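*Asks:* sequence and computational prediction follow.
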Amino acid sequence: MNGVDQGLDFSTVIASTVHDLKNSLSALIQAHDQFLARLPEGLRQGTEQGVIEHEFRHLNGMLVQMLGLYKLGVNQLPVCPDYHELEDFIEAQLAAHQEVLEHRDILATWRIDTQSPLGFFDRELVASVVANVLTNAIRYAGHALLIGIEEQDEQLVVSVNDDGPGYPQRMLERQQDYVQGIDAQSGSTGLGLYFAARIAALHERDGVQGRIEISNGGALGGGLFRLYLP
């Protein structure tokens with residue numbers, strides 16, 4: 001028996017398993033929502049509920065990333081850019097996190113500073129990046145988040161800023177090396193930034209590729225993530 005006959009490629013097995021896990025998680029989230037609907041109003045707003053909602057979203061985001069990276073690896077993640085209303089795009093991202101934001105007592109605001117109300121990008125891919133960044137920002141924010149969209153050097157810049165402690169210096173110094181290994185203290189692998197960078201790079205115009213950038217500061221003083229789309 002040669003190597004080809006011994007079974008499926010390991011990455012294919014992992015992708016299939018992740019897909020099954022995502023389906024199971026979706027079923028679990030649906031069952032949890034139905035359970036909540038039967039509870040009295042006063043029992044739906046506890047701190048524990050905020051933790052559950054956040055971790056559900058965090059797990060789903062990680063599974064989406066893993067499937068996306070697999071598809072990138074086998075060239076099965078097409079880019080389908082189109083024109084989208086920027087205000088609608090931001091409101092949709094915040095609406096998806098509204099329950100978690102309320103449970104964590106975080107005020108999320110947004111600001112658009114562009115000449116055109118439309119942006120040209122792959123909505124699903126960019127939304128997956130923003131969703132992951134928002135989930136992480138919610139984890140570390142104090143009480144405020146700000147999503148911004150502006151234009152710089154003929155590029156659309158989507159930013160997420162929080163009022164938390166900011167990115168660790170180690171991440172800032174090595175931000176071009178997005179897969180930085182597991183951090184023993186935080187458990188971070190840097191995979192989210194790697195995924196975001198790959199999605200950004202899929203957006204290209206006139207030889208210019210999209211990119212990401214992380215820093216500390218901004219209007220809220222904490223972590224500041226920027227996604228540049230040419």
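*Replies:* Sure thing, it's come through.
*Asks:* and the lowest-mean-pLDDT helix or strand in the chain, how far out from the chain's middle?
*Replies:* Within the chain, no helix or strand scores below helix 47-73, which has a mean of 73 by mean pLDDT, DSSP states H and E. Chain-centre distance of helix 47-73: 9 Å, with C-alpha atoms, centre = their mean, to the nearest Å.
*Asks:* and what of stretch 208-221?
*Replies:* The mean C-alpha position of stretch 208-221 is separated from the chain mean by 14 Å, C-alpha atoms, centre = their mean.
*Asks:* Thr135 and Phe56 touch, don't they?
*Replies:* No - counting by C-beta atoms under 8 Å, Thr135 does not reach Phe56; the two are 10.1 Å apart. All C-beta spots, glycine's among them, are computed from the backbone N, C-alpha and C.
*Asks:* which of these two has more neighbours?
*Replies:* Thr135 (21 against 18; other C-beta atoms under 10 Å).
*Asks:* measure that one to Thr114 for me?
*Replies:* Going from Thr135 to Thr114 by C-beta to C-beta, to the nearest Å gives 25 Å.
*Asks:* before we move on, what about Gly68?
*Replies:* Distance from Gly68 to Thr114, by C-beta to C-beta: 27 Å.
*Asks:* those two - which one has more neighbours?
*Replies:* Using other C-beta under 10 Å, the more surrounded residue of Gly68 and Thr114 is Gly68, with 19 against 13.
*Asks:* could you list the low-pLDDT ranges of the protein?
*Replies:* The model of the chain has pLDDT under 70 over residues 1-11, 15, 42-47, 50, 54, 72-76, 178-190.
*Asks:* tell me where it has strands.
*Replies:* 82-85, 107-113, 118-121, 144-152, 155-162, 204-205, 208-209, 211-216, 223-229 (DSSP state E).
*Asks:* would you format the ones you listed as a markdown table with distance to Ala95 and mean neighbour count included?
*Replies:* Below are these laid out as a markdown table (distance: least, C-beta to C-beta, whole Å; neighbours: other C-beta atoms under 10 Å):
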| stretch | distance to Ala95 | mean neighbour count |
| --- | --- | --- |
| strand 82-85 | 14 | 13 |
| strand 107-113 | 10 | 15 |
| strand 118-121 | 18 | 19 |
| strand 144-152 | 12 | 18 |
| strand 155-162 | 15 | 23 |
| strand 204-205 | 29 | 14 |
| strand 208-209 | 30 | 14 |
| strand 211-216 | 24 | 17 |
| strand 223-229 | 19 | 23 |
